[in-house]
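Trainee: Using only what follows, build the 3D model:
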Amino acid sequence: MTDRPFATRFAPSPTGRLHRGHAYSALTAFEAARAAGGRFVLRIEDIDATRCRPEFEAGIYEDLAWLGLDWETPVLRQSDHLADYEAALAGLTERGLTYRCFRTRREIAEAMASAPHGPMEVFTGEPLPADEEARRLEAGEPFAWRLSLATARAALGGFERLTFLEEGDGPAGEHGPIAARPELGGDVVLARKDVGVAYHLAVTVDDARQGITHVVRGQDLFEATHVQRLLQALLGLSGPIYRHHRLLLGPDGKRFAKRDRAETLERLRERGITSGELRRELGFG
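Mentor: Numbers count the residues shown, from 1 in each chain. Next up is the predicted model:
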């Protein structure tokens, strides 16, 4: 899909300290770039202002340096580029590809459960009548900007020609050219009233901005590829090649996660574990 020089990235959110799973993903991307003689980019995905903290960002740099990684500078921080995401959203909105959704999470769950043709697995909606939308805006009600699958499908003449190349393996062993199925995600949120962008739109804009040719990341993000491929097509951006890798599992069989208080790299250092020992444990000896 690309003849540009190899470039990949590691893009953590500073919402906690890194753990073994992060180390495995960062090392996988770093070694792929080194093997290809290409670029390794670090991106700080800090659009969640309520959870991201400066000390966690500093911890990311500390942990990656301890692992022996180096990266391009300056590091892109998403919070510094909100205007660019807003411009991309405005372009989609001008083409009628988005709509304001005022439903709460509870209302969405109820709407999906009571769909006339049986419960919906993903949410799809439509714009409110102009007078009702104006009333809600005047009342200051919170809303989310959603991508309309229906208008996106019409704009592209269908999704049948929308594909991406998988050089790794998806969760079910998906490999090679894959037909994108953005309908799996429904009408995804692109931004909220109080936040100028959400994950899918930001990562799509940033991968293009940074010239990323290969997205190396865990299989937990495989399904996100479908909607991101759609956004690339709608925004006229080149689609990278994907290499999804296995997820590192803990002794309990679950993947390492911040929310489960997985042992951090900082804690490993405190216990006397060296970076060389961890690299060998993860298969990078």
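
Trainee: make it CA atoms for all contacts and neighbour counts henceforth
Mentor: Noted.

Trainee: who touches the closest residue to I241 other than its chain neighbours in this structure?
Mentor: Excluding the flanking residues, the one nearest I241 by C-alpha to C-alpha, 6 or more residues apart in numbering is H214, at 4.7 Å. Shown in contact with H214 (C-alpha atoms under 8 Å, 6 or more residues apart in numbering): 6-8, 240-243.

Trainee: Same list (these) but as TSV, adding pLDDT.
Mentor: Listed next are these as TSV, based on pLDDT from 0 to 100:
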residue	pLDDT
F6	97
A7	98
T8	98
P240	98
I241	98
Y242	98
R243	98
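
Trainee: What about those residues, which one has the most neighbours?
Mentor: Per-residue neighbour counts (other C-alpha atoms under 10 Å) across the contacts of H214 peak at T8, which has 27 neighbours.

Trainee: any idea how far the residue nearest to I241 is from P54?
Mentor: 28 Å (C-alpha to C-alpha, to the nearest Å).

Trainee: What residues sit buried inside the helix or strand of the chain with the lowest mean pLDDT?
Mentor: For the chain, counting by mean pLDDT, DSSP states H and E, helix 105-113 ranks last in confidence among helices and strands (a mean of 87). If you call a residue buried by 16 or more other C-alpha atoms under 10 Å, then helix 105-113 has these buried ones: 108-109, 111-112.

Trainee: Out of those, which is nearest to R136?
Mentor: R136 has its nearest neighbour among those in I108, at 17.2 Å by C-alpha to C-alpha.

Trainee: That closest one is in contact with V122, isn't it?
Mentor: No. With contacts counted by C-alpha atoms under 8 Å, I108 stays clear of V122, the gap being 9.5 Å.

Trainee: so what's the nearest residue to R181 once chain neighbours are set aside up against?
Mentor: Among residues not flanking R181 along the chain, H226 sits closest, at 5.4 Å (C-alpha to C-alpha, 6+ apart). By C-alpha under 8 Å, 6+ apart, the contact list for H226 reads 180-182, 184-185.

Trainee: filter those residues to the buried ones?
Mentor: Of the contacts of H226, these count as buried by 16+ other C-alpha under 10 Å: 180-182, 185.
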